[in-house]
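*Asks:* What would the 3D arrangement of this be:
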Amino acid sequence: MNFVCQQCKQPLQLDASLVDLSPSAYDMVTASLPPASSSYARPSLEAEKLAQLPAPPSVKTAWQQASQGRPESPSSPSSRAQRKQPQRVVVHPNESFVLLQDSIVRNIPSPLPTASHTKKTAHIRSRSTNIPAAPPAAVQEEPHHPNPSPLSHHLRSTLRLFNLLSSRTDLDHPLCAECTDILLTNLTRQLEETKKERDGYIAFEKEVRKEKEREGEGMSKEEAESKIEKLKEEERLAIEGLQAAERERQQLADELRALELEEKALAEEEAEFWRVHNAQLLKSAEQASQLAALHAAYAADSATLEKLERTNVYNDAFCIGHEGVFGTINGLRLGRVTGVPVEWTEINAAWGQTLLLLYTIARKLEFTFENYRLVPMGSFSRIEKTTGDKAIYELYGSGDLHIGRLLHNRRFDFAMVAFLDCLKQIMDFVKSQDPHVDFPYLVVKDKIGEASIKLQFSQEESWTRALRQVLVDLKILLKWTTNGTNG
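*Replies:* A predicted model of the protein is given here:
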């Protein structure tokens, strides 16, 4: 049979002293074990000891409640004994054994395995797997073989010893050496704790005795009544303080409810404020966007206005320049020179633009010519005389040499002289309005500058130069009209 440790479940090898345990040694071990009912008497003994202590009932009650409320350690010896005790059966070995001689042992035949041996082996295996062992009484009831072997006798005695130790102590046996050392360490610690608990009981007993001695001295009736009155006064003050605290608590609760209502109102007001604020921000952003658009439009319109202010429609409508010796108006040459044949259609169109320019300046200045009326009609413009014979002078010429055309060219000369007269009138008007205006070429009868404007009986170069000087004066007159005092 193999034994295992009941703690770590490791196989054990029994000492030789346990194998050859004699009945006297067995009885000595049994006598040294504590009685099985000692653990049950501990609570009652503690209660009786507490009742016998000379202490006030209130102190005893408080100590008893404290001792009852303290949870008992599950590893304490008493708890383990109480859990194990109902399962243990005290078995006292009352059998005597006869030691056989070696010669007799050799002649004893080894028994065959029987049902009882199988049952015993199963019983031992059940202990090795932590199944509670059968009571020793069952072992005593096993049938006795007529010739038991010494090995089975030693095993049975060892098994009874282990059952006895397990029933009388809080531990299951057998144990290995390591588990025994651990057990001794735990028991030493429990012993220290028990000593501390004993010291506490001794200190408590001393306090109880001192309290009893103080009570034995006693106090007078007047002192007792004074102490009672003092305690009543303290009770009254405590009740008043409690009532004041209750009233303060109620007041604080009311203030808390008022603050919660105020907080709720403030939260709603804050939500409304943020809603209005967000709406205002959106409106402000929209207005800022509109303002930016208006600023951009204003800047664009200002730029356009400035550009338009710098733009002179009269300069665009009547562009006066020069091309070589020719004065030009809107790209039309005015005059003729030798070697450069200019068509009379171009000259007549240029004279029509020139007469239209003089008519436009007079209309803008609201000026009325004396004795003449301008009739701009393009290439067939004319000047009508409003006094005297009321003649009509055509301001266009022709290159034909027949007698009729000669008379027509004479009227053409009269028209150009009348044009110079009208130009002189408006130049004098402008100089009367602004003496600082300076015209480079003055008009004297049929001459402008030093050149005559008549075509007959004069050279074409002189006539062309006179026409160019007419355009220069008209350009200065146009500039003053559009940019000067009347511009």
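*Asks:* any chance you could map the strands in the protein?
*Replies:* 3-4, 11-12, 320-323, 326-329, 332-334, 372-375, 382-385, 392-394, 443-444, 447-448, 451-452 (DSSP state E).
*Asks:* So which of those strands is nearest residue 475?
*Replies:* Among these, strand 320-323 comes nearest to residue 475, with 4.5 Å by Cβ to Cβ. Bear in mind the C-beta positions are built from the backbone N, C-alpha and C, glycine included.
*Asks:* which of the residues in the closest one are buried?
*Replies:* residue 320 (16 or more other Cβ atoms under 10 Å).
*Asks:* quick one: the helices in the stretch 151-300 of the chain?
*Replies:* 177-217, 221-310 (DSSP state H, counting those that start in this stretch).
*Asks:* Any idea which of the strands of the chain gets closest to residue 261?
*Replies:* strand 3-4 (77.1 Å).
*Asks:* Note down every partner strand of that closest one and its orientation.
*Replies:* Applying DSSP bridges to the sheet, strand 3-4 is found paired with strand 11-12 (antiparallel).
*Asks:* Could you dump the strands of the chain into TSV with mean pLDDT and distance to residue 359 added?
*Replies:* Supplementary listing: the strands of the chain in TSV, determined by pLDDT from 0 to 100; distance: least, Cβ to Cβ, whole Å:
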stretch	mean pLDDT	distance to residue 359
strand 3-4	82	143
strand 11-12	83	144
strand 320-323	88	15
strand 326-329	90	14
strand 332-334	90	17
strand 372-375	91	5
strand 382-385	90	10
strand 392-394	88	15
strand 443-444	88	17
strand 447-448	88	19
strand 451-452	86	24
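*Asks:* mind checking pLDDT for the residue nearest to the spatial centre of the chain?
*Replies:* Centroid-nearest residue in the chain, with Cα atoms, centre = their mean: residue 274, separated by 20.3 Å. Note on residue 274: pLDDT of 96.
*Asks:* same thing with residue 214?
*Replies:* Looking at residue 214, the pLDDT reads 76.
*Asks:* so which of the strands of the chain comes closest to residue 468?
*Replies:* strand 326-329 (3.5 Å).
*Asks:* Flag every buried residue along that closest one.
*Replies:* 326, 327, 328, 329.
*Asks:* Look up how far residue 307 lies from the closest residue to the first one other than its chain neighbours.
*Replies:* In space, and not counting its chain neighbours, residue 326 is closest to residue 333: 4.1 Å by Cβ to Cβ, 6 or more residues apart in numbering. Taking Cβ to Cβ, to the nearest Å as the measure, residue 333 falls 31 Å from residue 307.
*Asks:* Keeping just the C-alphas, turn stretch 337-353 into CSV.
*Replies:* Provided in CSV are the C-alpha atoms of stretch 337-353 (Å, rounded to 0.1, in the frame of the first residue of the first chain):
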residue,chain,number,x,y,z
VAL,A,337,-0.5,120.2,-103.1
THR,A,338,1.5,119.6,-106.3
GLY,A,339,2.4,116.0,-106.7
VAL,A,340,-0.2,114.7,-104.2
PRO,A,341,-3.5,114.6,-105.9
VAL,A,342,-6.3,114.7,-103.2
GLU,A,343,-9.8,114.0,-104.5
TRP,A,344,-12.3,116.7,-104.2
THR,A,345,-14.7,114.2,-102.6
GLU,A,346,-12.3,113.8,-99.7
ILE,A,347,-11.8,117.6,-99.5
ASN,A,348,-15.5,118.2,-99.5
ALA,A,349,-16.1,115.5,-96.8
ALA,A,350,-13.3,117.1,-94.7
TRP,A,351,-15.0,120.5,-95.1
GLY,A,352,-18.3,119.0,-94.0
GLN,A,353,-16.7,117.6,-90.8
